[in-house]
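S.K.: Quick one, structure for this:
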Amino acid sequence: MQWNLNKIYWLYSLKPATINIPAYKDEERDYPEIEFLEVVLSCDTNLRRIAEIIMRAIPYPMVLIFRLEQKVQIWTAHQRLNQADSSKNTLEDFVFTQWLEPTDLLFSRLDIRNMRFTNYFDLYTDLVDEISIYNAECATGENSLTGEEARELTRKIDMLERQLASVRAALKKESQFNKKVELNIKIKQLESTKLSLLQGGSI
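M.R.: Purely as a prediction, here's the structure:
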């Protein structure tokens, strides 16, 4: 894998000693603090793998910021305690933005002063939810979803896009006319389902 990192900056560490928010711990999660890291890139490849390596190496909930020239992507992922090895955490699904310009409206929506300060799990959940809702709004225009509804909607859209890519690749390789017809029908059905989600935001 090509490593495209120029620099890594540890921007902030939110913990009870620096900001008056209590830690959170239960049987599944341990959120004593939240880390903010910035990774300066030379190109935009392998971001998922880089995010996974960094987030697994630092076992705290993290807001990971990838910077490429003037644009940034923001990556988050809730963590659960690994029941087989208490020294490790299990990453849940990544929730991340596309490339953002410095003037993007999302930045004002991620002002932590607008988030819950009950504990670090609630604060981090609010950050993840805000990104999820923003992503759904960008894709569909829907602005009345909860964070979980927004994630479910974007998961469905992503799944349809992967299915479309797979069927289109199969169509290019197919030589039999009747098989081509079947694949074209399947593509139309998937495109129709995706369009319905994009237009209506329904999950």
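
S.K.: Can you name the residues in contact with the helix or strand hosting residue 187?
M.R.: Element membership of residue 187, judged by DSSP states H and E, is helix 177-200. The list of residues contacting helix 177-200 from outside it, by Cβ atoms under 8 Å, 6 or more residues apart in numbering, reads 139-140, 142, 153, 156-157, 160-161, 163-164, 167-168, 170-171, 174, 202-203. C-beta: built from backbone N, CA, C; applies to glycine.

S.K.: mind redoing it with 10 Å?
M.R.: Contacting residues not belonging to helix 177-200 are listed as 136, 139-142, 153-154, 156-157, 159-161, 163-164, 166-174, 176, 202-203 [Cβ atoms under 10 Å, 6 or more residues apart in numbering].

S.K.: For this structure, which residues score under the pLDDT cut-off?
M.R.: 1-3, 86-87, 200-203 (pLDDT under 70).

S.K.: Domain map for it?
M.R.: With domains defined by automatic domain parsing, the chain comprises 5-140, 147-200.

S.K.: got CSV for the ones you listed, with mean neighbour count too?
M.R.: Shown next, in CSV, are the domains of the chain (neighbours: other Cβ atoms under 10 Å):
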stretch, mean neighbour count
domain 5-140, 16
domain 147-200, 14
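
S.K.: Helices of this protein, start to end?
M.R.: Defined through DSSP state H, the helices belonging to the chain, from first to last, are 47-57, 106-109, 120-140, 147-173, 177-200.

S.K.: Show the contacting residues for residue 22.
M.R.: Taking Cβ under 10 Å, 6+ apart, we find residue 22 in contact with 16, 31-32, 117-122.

S.K.: Go through these and name the one nearest residue 69.
M.R.: Within these, proximity to residue 69 (Cβ to Cβ) peaks at residue 120, which comes in at 31.8 Å.

S.K.: Show me the residue sitting in the middle of this protein in space.
M.R.: Here the mean C-alpha position of the chain is nearest to the C-alpha of residue 95 (Cα atoms, centre = their mean), at a distance of 1.5 Å.
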